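A.B. asks: how would this look folded up:
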Amino acid sequence: FPWASRQEWGFASWLLESHLSMAAIDSLLSLEIIKNIPLSSFSAKELRTCAETLPPGLLWLCKMLMTEYPTKELPCLFYCNPIECLQALLSHPLFESHISFVPRRVWMCAAKICCIYDEWLSGD
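C.D. replies: Numbering: from 1, shown residues only. Predicted coordinates for the structure are as follows:
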């Protein structure tokens, strides 16, 4: 991701969601107290460019459920396209080091005599 830390992302997110103009953001970023903080973006244009490089979020849909019994409000079922959800998870940079599709061997003991085949991708 384009920001170096969670704190930097929090600050950038606040700036992006604020109703400040780009000139006001540039003015804020030019303050000496802000210059002493290590930031990846030092102008509103750089900040906006970094934000535009982020992948879009999932499109969540809502379906009203009809119930057998009367309720004050109809319950909503929120859902998203499962294929798009999997694509988002598999392409997320934070999960990259935790996702592997390479088969691995799991041994029953340290002598490596008997291989266990009880999980997905446990094999030869």
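
A.B. asks: spatially nearest residue to the spatially most central residue of the chain, not counting backbone neighbours?
C.D. replies: Geometric centre of the chain, nearest residue: residue 92, 6.4 Å, by Cα atoms, centre = their mean. Of all residues not flanking residue 92 in the chain, residue 55 sits nearest, at 7.9 Å (Cβ to Cβ, 6 or more residues apart in numbering). All C-beta spots, glycine's among them, are computed from the backbone N, C-alpha and C.

A.B. asks: which parts of the protein are strands?
C.D. replies: 61-64, 76-79, 106-107, 115-116 (DSSP state E).

A.B. asks: who wins for proximity to residue 11 among these?
C.D. replies: strand 76-79 (29.6 Å; Cβ to Cβ).

A.B. asks: ok, and what's touching the closest one?
C.D. replies: 60-65 (Cβ atoms under 8 Å, 6 or more residues apart in numbering).

A.B. asks: where does this protein have low pLDDT?
C.D. replies: 1 (pLDDT under 70).

A.B. asks: contacts only, for the residue nearest to residue 92.
C.D. replies: Per Cβ under 8 Å, 6+ apart, neighbours of residue 55: 88, 91-92.

A.B. asks: out of these, list just those in helices.
C.D. replies: residue 88 (DSSP state H).

A.B. asks: reformat the contacts of residue 55 as TSV; add distance to residue 34.
C.D. replies: Shown next, in TSV, are those (distance: Cβ to Cβ, whole Å):
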residue	distance to residue 34
88	33
91	33
92	30
